[in-house]
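In: coords please:
(one chain, ligands or ions: 1)
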Amino acid sequence: MKKKISLIGAGMIGGTLAHLISIKELADVVLFDVAEGLAKGKALDIAQSTSISGSNINLTGTNNYEDTKNSDVIIITAGIPRKPGMSRDDLLETNLKIIKQVAEGIKKTSPNAFVICITNPLDVIVMALQKYSGLPTNMVVGMAGILDSSRFKYFLSRELQVPVKNIESLVLGGHGDTMVPMPNQTKINGKSLNQVIKKEKLDPIIERTRKGGAEIGKLLQKASAFYAPAASGIEMAESYIKDLKKTLPCAAYLSGEYGVNNIYAGVPVVIGNNGIEKIVELSLSKEEKVNFNLSIKAVRELFEVAVKIDKDLGS
Ligand code: TXD
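Out: From the prediction side, this is the model:
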């Protein structure tokens with residue numbers, strides 16, 4: 001029986017998600033947006049490419065929540081993206097209102113779905129989504145670490161002239177300027193990072209990773225990054241749908257892991273057909289632990305701002 005993925009938000013990332021799902025024949029797709037015609041137009045356009053890609057899936061565009069009911073996976077990009085000069089945190093008030101509306105819709109129509117949140121500011125928005133929807137924490141996850149890790153690996157591959165597939169790495173913590181690229185968890189052709197790159201070369205790469213989203217937003221002017229974010233979301237959805245049990249850096253609910261409680265943050269998790277099946281606890285260096293805790297502090301502070309905006313989050 002073919003699975004059903006509903007995409008809440010048919011903008012730059014949502015449309016790209018739909019196209020990637022179609023090319024990979026991952027599931028039937030329902031593309032939802034509040035903007036009249038946007039989801040319908042993109043779904044119809046992608047559907048007309050299936051004879052070329054040879055994909056045998058159903059694509060529906062809609063602005064009626066009912067069409068998304070009983071989804072196996074829901075990927076949420078509903079919300080506004082950054083404009084040049086904006087921080088991810090500047091999106092909080094607007095996107096919090098949107099995610100509350102989306103969460104109430106999901107609670108009614110797809111309470112058993114695996115929900116992947118992409119909307120920024122990611123760590124706080126995914127926590128709000130889980131609280132508003134009441135879905136179990138193992139079935140609500142945020143996409144950020146795969147994207148940040150992919151950016152880090154790409155920059156390293158360019159600097160070291162090594163194929164990106166020969167690089168293993170992780171970026172953990174919040175999806176913001178305090179994110180934590182993990183040099184001690186990075187291997188280049190199997191060698192540890194400090195054997196192949198000097199600190200003065202590595203630090204600018206870490207900084208460029210942290211600012212990766214802003215760099216693309218400045219170039220695009222009217223959009224933020226969308227190809228790599230969409231590819232990252234598909235990696236998570238595919239691991240769930242095919243029960244691949246991949247270990248992936250994602251924003252997951254922590255209840256004691258890494259000494260952290262009651263907050264979402266980027267950590268390595270195993271994603272299978274039961275959702276987040278395991279949170280992988282790495283042994284962090286002293287510096288990594290300090291940076292991780294700083295990142296958690298930044299997420300907590302922003303969540304406190306969210307609670308001031310909507311008291312419902314404080315209960
Ligand atoms: O790594 C990450 N998590 C980030 C996330 C990487 C890149 C982009 N990041 C964030 O994703 C970005 O800051 C935004 O918050 C979301 C979506 O970015 P996108 O570039 O796709 O934004 P668009 O193109 O503006 O699309 C958002 C769509 C748009 O079509 C709106 O009409 C729709 O969201 N929208 C809604 N859809 C459904 N329901 C509601 N309520 C709604 N409100 C707006």
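In: How about residue 254, nearest residue that isn't a chain neighbour?
Out: Among residues not flanking residue 254 along the chain, residue 260 sits closest, at 4.3 Å (C-beta to C-beta, 6 or more residues apart in numbering). (Each C-beta comes from the backbone N, C-alpha and C, glycine too.)
In: so how far is the host helix or strand of residue 22 off the chain centroid?
Out: Residue 22 belongs to helix 12-24 when elements are defined using DSSP states H and E. On the basis of C-alpha atoms, centre = their mean, to the nearest Å, helix 12-24 sits 14 Å off its chain's mean C-alpha point.
In: How about stretch 256-275?
Out: Distance, centroid of stretch 256-275 to centroid of chain: 14 Å (C-alpha atoms, centre = their mean).
In: any bit of that stretch sitting next to the ligand?
Out: No. Taking C-beta under 6 Å from any ligand atom as the criterion, stretch 256-275 and the ligand are apart, separated by no less than 10.0 Å.
In: got it, and stretch 16-28?
Out: No. Contact of stretch 16-28 with the ligand (C-beta under 6 Å from any ligand atom) is absent, the minimum separation being 8.1 Å.
In: tell me which residues of that stretch are tucked away?
Out: For stretch 16-28, burial by neighbour count (16 or more other C-beta atoms under 10 Å) applies to 16, 17, 18, 19, 20, 21, 22, 23, 26, 27, 28.
In: now do stretch 165-175
Out: Under the neighbour-count criterion of 16+ other C-beta under 10 Å, stretch 165-175 has 167, 169, 170, 171, 172, 173, 174, 175 buried.
In: Closest to residue 236 out of those?
Out: Distance to residue 236, by C-beta to C-beta, is smallest for residue 175 among these, at 13.9 Å.
In: Now for the spatially closest residue to residue 169 that is not a sequence neighbour: which residues touch it?
Out: Spatial nearest neighbour of residue 169, excluding adjacent residues (C-beta to C-beta, 6+ apart): residue 186 at 4.1 Å. If you count contacts by C-beta atoms under 8 Å, 6 or more residues apart in numbering, residue 186 has them with 152, 156, 167, 168, 169, 170, 192, 193.
In: So which of those residues sit within strands?
Out: 167, 168, 192 (DSSP state E).
In: Around residue 31, how many other residues sit close by?
Out: 30 (other C-beta atoms under 10 Å).
In: Which secondary structure state is assigned to it?
Out: Following DSSP: H, G, I helix; E, B strand; the rest coil, the label given to residue 31 is strand.
In: Quick check: it touching residue 43?
Out: Yes. Here residue 31 reaches residue 43: they are 4.6 Å apart, a contact under C-beta atoms under 8 Å.
In: give me phi/psi at the one residue in the stretch 201-315 of the chain that gets nearest to the ligand?
Out: Residue nearest to the ligand within the stretch 201-315 of the chain (C-beta to the nearest ligand atom): residue 229, separated by 3.8 Å. For residue 229, the backbone dihedrals (degrees, to the nearest 10) come out as phi -60, psi -40.
In: now do residue 306
Out: phi -60, psi -40.
In: any idea how far residue 241 is from it?
Out: Residue 306 sits 31 Å away from residue 241 when distances are taken as C-beta to C-beta, to the nearest Å.
In: Am I right that residue 43 falls within a helix?
Out: Yes. With three-state DSSP as the criterion, residue 43 is part of a helix.
In: Please name the spatially closest residue to it (chain neighbours excluded).
Out: According to C-beta to C-beta, 6+ apart, the nearest residue to residue 43 is residue 61 (3.1 Å).
In: hey, where'd the strands end up in the stretch 1-150 of the chain?
Out: Listed in chain order, the strands of the stretch 1-150 of the chain (DSSP state E, counting those that start in this stretch) span 4-8, 28-32, 59-62, 73-76, 114-117, 140-142.
In: I'd like these as a markdown table, with mean pLDDT appended.
Out: As requested, the strands of the stretch 1-150 of the chain are exported to a markdown table (pLDDT from 0 to 100):
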| stretch | mean pLDDT |
| --- | --- |
| strand 4-8 | 98 |
| strand 28-32 | 98 |
| strand 59-62 | 98 |
| strand 73-76 | 98 |
| strand 114-117 | 98 |
| strand 140-142 | 98 |
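In: And residue 277, which helix or strand is it part of?
Out: Element membership for residue 277 (DSSP H and E) is strand 275-279.
In: Okay then, goodbye and thanks.
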